[in-house]
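how would this look folded up:
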Amino acid sequence: MDSAVALLRSLPAGTRVVVRHRLDGGFTDSLGDLLAVDEQACTIRTRRGDDVVRLSAVTAAKTVPPPPPRRPRR
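Residues are numbered from 1 along each chain as shown. Predicted coordinates:
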């Protein structure tokens, strides 16, 4: 089993992660909160919505710290 997929399966829901995965013609990253992992895919809640990533397409994954607080408006 790939270590990136093993990491995703070991993390509790709500953990902030970045997951690199293959797309047609390249790679992309999904950054956000891990919602769920099953036998086929993981779901990550990003700022743009929920990304469902096939585990077979995952090439790397790691936990990341929470985002910095937003700056106040001037």
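
Now the biggest strand by length in the chain: buried residues?
Ranked by residue count under DSSP state E, the longest strand found in the chain is strand 26-37. By neighbour count on 16 or more other C-beta atoms under 10 Å, the buried set for strand 26-37 is 30, 32, 34, 37. C-beta: built from backbone N, CA, C; applies to glycine.

Tell me what the first one is bridged to.
Yep, that's residue 30 we're talking about. Beta-bridge partners for residue 30, by DSSP bridges, are residue 19.

wait, it sits on residue 45?
No. At 9.4 Å, residue 30 does not count as touching residue 45 under the criterion of C-beta atoms under 8 Å.

shared neighbours of those two, which are they?
Common contacts of residue 30 and residue 45 (C-beta atoms under 8 Å, 6 or more residues apart in numbering): none found.

check which helix or strand covers residue 7.
helix 3-10 (DSSP states H and E).

for that helix, the distance to its chain's centre please.
11 Å (C-alpha atoms, centre = their mean, to the nearest Å).

Can I get that helix in PDB? Just the C-alpha atoms.
What follows is helix 3-10 as a C-alpha-only set of coordinates in PDB (Å, rounded to 0.1, in the frame of the first residue of the first chain):
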ATOM      1  CA  SER A   3       2.400   5.500   2.200                       C
ATOM      2  CA  ALA A   4       0.400   8.500   1.100                       C
ATOM      3  CA  VAL A   5      -2.800   6.500   1.000                       C
ATOM      4  CA  ALA A   6      -1.900   4.800   4.300                       C
ATOM      5  CA  LEU A   7      -1.500   8.200   5.900                       C
ATOM      6  CA  LEU A   8      -4.900   9.300   4.600                       C
ATOM      7  CA  ARG A   9      -6.600   6.200   5.900                       C
ATOM      8  CA  SER A  10      -5.000   6.700   9.400                       C
END
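
burial of the closest residue to residue 21 other than its chain neighbours, as a residue count?
Among residues not flanking residue 21 along the chain, residue 57 sits closest, at 4.3 Å (C-beta to C-beta, 6 or more residues apart in numbering). Close neighbours of residue 57, defined as other C-beta atoms under 10 Å, add up to 14.
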